[in-house]
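A.B. asks: below is the sequence, then the predicted model.
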Amino acid sequence: MELRERVNAAVKQAMKDREAGRLSTLRLINAAIKDRDIAVRAEGHETGVDDTEVLGILGKMVKQRRESAKTYEESGRLDLAEQELAEIEVIEEFLPRALNEAEIDAAVKAAVAEVGAESIRDMGRVMGVLKTKYTGQMDFGAVGARVKDRLAAG
């Protein structure tokens with residue numbers, strides 16, 4: 001089932017179950033997807049965003065909420081931090097399973113081999129391959145450092 005359909009089905013179920021917090025988060029997901037649809041339609045893509053872009057949107061939403069939760073915890077607002085963490089749980093239901101350290105290392109190694117990367121100048125191509133294949137499954141900020149280290153080592 002397409003991600004949009006899964007989100008819409010979850011919205012309907014949350015409405016039936018009268019889960020206000022979950023429903024609110026699901027509506028935020030739908031709003032983010034529709035907002036991106038509008039942006040790409042202006043660029044000439046009549047069908048809107050595909051599942052890969054939806055995964056990217058969801059990944060950004062999780063990252064934003066993690067940062068917010070951390071900020072709230074640091075300022076002693078545990079109630080707001082818990083709300084952010086609850087939203088993360090709902091959003092992550094639609095993301096694929098995150099890769100573990102060994103799987104990330106293997107993916108980086110495969111991407112480097114695939115593009116024939118030899119130096120740090122090839123980092124963009126390696127990251128492009130990783131983003132195409134593993135959107136929503138890894139933190140590209142952290143993986144970027146691994147790719148850089150691997151390419152610097154030669």
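C.D. replies: Looks like it came in fine. Numbering: from 1, shown residues only.

A.B. asks: rest of the way, CA atoms for contacts and neighbours
C.D. replies: Fine.

A.B. asks: residue 11 contacts residue 26, correct?
C.D. replies: Yes - taking contact to mean CA atoms under 8 Å, the distance of 6.0 Å between residue 11 and residue 26 places them in contact.

A.B. asks: could you pull out the helices for the protein?
C.D. replies: Remark: helices assigned in the chain by DSSP state H are 3-17, 20-42, 51-74, 78-92, 101-115, 123-134, 140-153.

A.B. asks: mean neighbour count and mean pLDDT added to the ones you listed, as a markdown table?
C.D. replies: Conversion of these to a markdown table gives the following (neighbours: other CA atoms under 10 Å; pLDDT from 0 to 100):
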| stretch | mean neighbour count | mean pLDDT |
| --- | --- | --- |
| helix 3-17 | 14 | 94 |
| helix 20-42 | 16 | 93 |
| helix 51-74 | 17 | 91 |
| helix 78-92 | 17 | 95 |
| helix 101-115 | 15 | 89 |
| helix 123-134 | 17 | 89 |
| helix 140-153 | 15 | 84 |
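
A.B. asks: which residues touch the residue sitting nearest the centre point of the chain?
C.D. replies: If you average the C-alpha coordinates of the chain and look for the closest C-alpha using CA atoms, centre = their mean, you land on residue 59, 1.6 Å from that point. Contact analysis of residue 59 by CA atoms under 8 Å, 6 or more residues apart in numbering lists 95, 135-136.

A.B. asks: of those residues, which is the most crowded?
C.D. replies: Neighbour counts for these were taken using other CA atoms under 10 Å; the highest belongs to residue 136, which has 25 neighbours.

A.B. asks: next one: phi and psi at that one?
C.D. replies: The phi/psi pair for residue 136 (degrees, to the nearest 10) reads phi 90, psi -10.
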